[in-house]
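>>> Below are the sequence and a predicted model; questions follow.
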Amino acid sequence: MKIAFCGKGGVGKSTLASLTCYALLAKGYQVLAIDADPSPHLARLLGFREEKIVPLAEMRELLAERAQKNGPFYVLNPHVEDLPEKFMLRKGALRLMVLGAIRVAGAGCACPEQTVLRHLLTLLLLEAKEAVVLDMEAGVEHFGRGTVASVDHLLVVVQPYRGSIETAQRIGQLARQLGIEQVHFVGNALRSPEDQSFLEEALGHKLLASFFWEESLAKAERQGKPLGEIDAGAHKEVLKMLSKLEA
């Protein structure tokens with residue numbers, strides 16, 4: 001089962017992705033977590049606090065070397081097969097790959113480096129033999145690259161405000177154009193049943209899951225604690241969500 005989380009920036013993709021990893025581990029899955037967000041947080045949320053995490057996107061010399069960058073020229077099919085073994089973090093049944101995403105203002109085109117990251121993400125998604133949880137970068141630009149077409153379920157995280165809803169609707173349209181059949185909307189940081197009703201009416205879809213605001217999760221985030229250590233109702237909601245996806 002390959003699950004990707006996407007949505008507007010700040011809606012809680014990383015939080016829900018980490019909770020999903022914990023739930024899959026509790027159900028006995030081997031889990032591969034992939035953080036492809038420009039500001040990666042998944043390692044901290046999953047308890048890799050002792051590691052010095054350097055996203056691959058920041059290893060510009062390595063990416064340029066793999067792209068065989070020579071002036072304006074670079075290869076379109078770079079060698080990336082050995083990178084997971086070199087840079088994968090492991091903790092029991094959990095593996096984590098922190099890709100990040102290249103965001104350098106005014107630095108011109110980063111096409112060669114993006115090509116390496118895109119090929120690596122495709123390799124991870126296609127060859128994984130365990131459950132995969134992908135924390136995607138915010139917004140809709142990455143859908144034009146089609147790197148998520150191989151996921152089984154695309155979960156669009158949305159909060160009850162217009163900007164988040166508009167982004168979620170656009171993501172849904174682009175995902176279906178890519179042929180992703182299982183596109184689901186997940187409400188997050190809801191404050192009341194009225195928020196849930198508002199989202200479902202605005203989206204024109206039932207929510208796959210509804211996560212209500214919990215102070216314990218917000219406090220854990222502020223303190224930098226792994227979310228697996230927190231007693232929160234969200235853990236039960238994630239398990240219910242996974243049962244729906246498994247079915």
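Nice, thanks for sending it over.

>>> And the helices in the chain, which stretches?
Under the criterion DSSP state H, helices of the chain are mapped to 13-26, 42-45, 60-66, 83-87, 111-127, 162-177, 193-203, 215-223, 234-246.

>>> Which of those helices sits closest to A101?
When the helices of the chain are compared by CB to CB, helix 111-127 sits nearest A101, at 7.2 Å. Every residue, glycine included, has its C-beta placed from N, CA and C.

>>> Which neighbouring elements make contact with the closest one?
Applying 3 or more CB pairs under 8 Å, 6 or more residues apart in numbering; DSSP states H and E, we find helix 111-127 packed against strand 31-35, helix 60-66, helix 83-87, strand 131-135.

>>> biggest strand in this structure, by residue count?
strand 183-190 (DSSP state E).

>>> Mind listing the strands that one pairs with, and their directions?
Taking DSSP bridges as the criterion, strand 183-190 sits next to strand 153-158 (parallel), strand 209-212 (parallel) in its sheet.

>>> Flag every buried residue along that strand.
By 16 or more other CB atoms under 10 Å, the buried positions in strand 183-190 come out as V183, H184, F185, V186, G187, N188, A189, L190.

>>> next one: stretch 147-155
T147, V148, S150, V151, H153, L154, L155.

>>> Send over that stretch as CSV, restricted to the C-alpha atoms.
Provided in CSV are the C-alpha atoms of stretch 147-155 (Å, rounded to 0.1, in the frame of the first residue of the first chain):
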residue,chain,number,x,y,z
THR,A,147,6.1,11.5,-9.9
VAL,A,148,3.1,10.4,-7.8
ALA,A,149,1.2,8.5,-10.5
SER,A,150,2.2,5.2,-9.0
VAL,A,151,0.7,5.7,-5.5
ASP,A,152,-2.3,3.6,-4.5
HIS,A,153,-4.0,6.4,-2.5
LEU,A,154,-3.6,10.1,-2.6
LEU,A,155,-4.8,11.8,0.6
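
>>> returning to what we had before: of all the helices of the chain, which one is nearest A209?
That would be, of the helices of the chain and by CB to CB, helix 234-246, which comes in at 4.0 Å.

>>> Show me what the closest one is packed against.
If contacts are counted by 3+ CB pairs under 8 Å, 6+ apart, helix 234-246 sits against helix 13-26, strand 209-212.

>>> and these, which is most packed in?
Counting by mean count of other CB atoms under 10 Å, helix 13-26 has the highest mean neighbour count of the helices and strands packed on helix 234-246, with a mean of 24.

>>> between that helix and helix 234-246, how many degrees?
With axes from the mean of the first three to the mean of the last three CA atoms, to 10 degrees defining the directions, helix 13-26 sits at 80 degrees from helix 234-246.

>>> Mind giving me the packing neighbours of helix 13-26?
Packing contacts for helix 13-26, counted by 3+ CB pairs under 8 Å, 6+ apart, involve strand 2-7, strand 31-35, helix 42-45, strand 131-135, strand 153-158, strand 183-190, helix 234-246.
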